[in-house]
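Q: Quick one, structure for this:
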Amino acid sequence: MTISEKDAKKMRRLAKEGKPISRIVREDFPNVDYWDVYIEVYGAGERSSRGIRRMITTRLNSLVDSTKGERRGTVLELRELVWELYEKHKSNHAKLDKIRKALGE
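A: As a prediction, the model looks like this:
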């Protein structure tokens, strides 16, 4: 399915704000297939905070049965995911400050 650039931008924005893909499909784009939205969001490199949290949980669970060599790679990947969450948090905090200022609070 072809998705307009306007819709693709909205999908990426919603995912960046933390809205899960399933809700984006259900609430904002009910006529678009889940996997089309998934490709638009992840193809652009955007991941929701919830998706990152799930990835971190999966990686942590995999550490239990992994070898020492495998753990090093997993830990490096976890470091990147945590850093991405931190950057998203900072970005969201800055957005909230702008909103508060615009509302005069």
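Q: Pull the distance from the top helix by length along the chain to the chain's centre.
A: Ranked by number of residues, the top helix in the chain under DSSP state H is helix 68-103. Put simply, helix 68-103 sits 10 Å off its chain's centre (C-alpha atoms, centre = their mean, to the nearest Å).
Q: And for stretch 16-35?
A: Remark: stretch 16-35 is offset 12 Å from the chain centroid, using C-alpha atoms, centre = their mean.
Q: Straight-line length of that stretch, end to end?
A: 17 Å (C-alpha to C-alpha, to the nearest Å).
Q: Tell me the buried residues in it?
A: Within stretch 16-35, the residues scored as buried using 16 or more other C-beta atoms under 10 Å are 16, 19, 21, 24-25, 29, 32. Glycine gets a C-beta too; all of them are placed from N, C-alpha and C.
Q: what residues does it touch?
A: Applying C-beta atoms under 8 Å, 6 or more residues apart in numbering, the contact partners of stretch 16-35 are 1, 3, 7, 10-11, 14-15, 37-38, 41, 46, 48-51, 88, 92.
Q: Mind giving me the PyMOL select for those residues, buried ones only?
A: With 16+ other C-beta under 10 Å as the criterion, this PyMOL line picks the buried residues out of the contacts of stretch 16-35:
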select buried, resi 3+7+10+11+14+15+37+38+41+46+48+49+51+88
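Q: Which members of the contacts of stretch 16-35 occur in strands, if any?
A: Using DSSP state E, no member of the contacts of stretch 16-35 falls within strands.
Q: Cool, thanks, signing off.
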